[in-house]
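Asker: Everything below, folded, please.
(one chain, ligands or ions: 1)
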Amino acid sequence: MKVPTNKLTDIIKHYRDKLIFAEYEEKEADSLLWILIQHYLGYSKIDLVKEPDIRLSESELLKVHFGVKDLIHKKPVQYITGTTQFCDLELEVGEGVLIPRPETEELIFLINKDLKLNRKLKSILDIGTGSGCISVSLKKNNPQIDIYAIDVSEAALKIAQKNSVKYKLDINFYKINVLSKKDKGLIPKVDIIVSNPPYVRSSEKVMMDRNVINYEPELALFVTDDDPLIFYRVIAEIGLQKLNRPGKIYFEINEAFGEDMIGMMKAMDYQQIEVKKDFKGKDRFLTASLA
Ligand code: GLN
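Answerer: Alright, predicted model coming up:
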């Protein structure tokens, strides 16, 4: 990939074409390129308007070059820059954690709203915290609440911890595998359980983007086709033992399983079971209570 000059406008044109050739849409190519430029060089579009003759040093050029190369290999830009935006926060992410999705922001809005209405709710357990996005944003908005964030992955816990430190939040992190009977004793009693566990069936892989399949952690995404609700069942069982009454559970779910989830939660004696849609109109969240 030979670059014609070291002028930023030429460089943008050059790499934009490369990205379009690699099958990125024009708009996406532009916005990804600007994310890299902002990240590596600190320039925004406005800077270029004010100063059209910005030129790059050899080392600056190389950074952009390798960033674009990663994009061409379909590496998610969030893993290239190591950051993502979530609920007004800038969080660290890495290949050991799922990149937080906008749907999960909606889950935060739901919980924040309920916490405002019910001041008696004092503690939250976040199961499979990943980057810590749920715990960090809940704690930031509700500093009075005790938060316990657990994950089976050491790599995820490290990143989640960094994100809590970045925002000076006191969150309790534990390495716990909810599928292990032996670990269950370590789980604290709480007023709320929230979880966005793995919920994509292996058979759904064929419909997913290469950037997800090749780069995001399988551990955080996939379940087998013969037991796709495994995490929800185990977590709902944990709820029966560990939720203070009245307690509430919030799940992000696979859109294909709204009805099955309602049936399962009913059979386990949960009440006020509701499935809610995400901004795309898909069944994405389930809330339920224990009286
Ligand atoms: N919503 C994510 C995706 O579509 C999956 C999240 C999960 O498995 N918990 O890739």
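Asker: Every contact and neighbour count from this point should use C-alpha atoms.
Answerer: Fine.
Asker: On the pLDDT front, check Met1 for me.
Answerer: Per-residue pLDDT puts Met1 at 54.
Asker: next one: the one 5 residues further on
Answerer: Asn6 is assigned a predicted lDDT (pLDDT) of 92.
Asker: Do I have it right that it meets Ser57?
Answerer: Yes: counting by Cα atoms under 8 Å, Asn6 does reach Ser57; the two are 7.3 Å apart.
Asker: of the two, who's got more company?
Answerer: The residue with more neighbours, out of Asn6 and Ser57, is Asn6; 16 against 9, by other Cα atoms under 10 Å.
Asker: Look up how far the ligand lies from that one.
Answerer: Distance, Asn6 to the ligand, by Cα to the nearest ligand atom, to the nearest Å: 38 Å.
Asker: near the ligand, which residues of the protein show up?
Answerer: Counting by Cα under 6 Å from any ligand atom, the chain comes close to the ligand at 196-200, 220-221.
Asker: Which one of these sits in the busiest neighbourhood?
Answerer: Pro197 (25 neighbours).
Asker: you'd agree it is up against Leu229?
Answerer: No: counting by Cα under 8 Å, Pro197 stays clear of Leu229, with 9.6 Å between them.
Asker: re earlier: which of the residues of the chain next to the ligand sit farthest apart?
Answerer: Longest distance between any two of the residues of the chain next to the ligand is 11.2 Å, between Asn196 and Val200; criterion Cα to Cα.
Asker: and the residue of the stretch 51-200 of the chain nearest the ligand?
Answerer: In the stretch 51-200 of the chain, the residue that lies nearest the ligand is Pro198 (3.7 Å; Cα to the nearest ligand atom).
Asker: State the distance from the closest residue to that residue other than its chain neighbours to Leu121.
Answerer: What sits nearest to Pro198 in space, not counting adjacent residues and going by Cα to Cα, 6 or more residues apart in numbering, is Leu221, at 4.3 Å. Distance, Leu221 to Leu121, by Cα to Cα, to the nearest Å: 30 Å.
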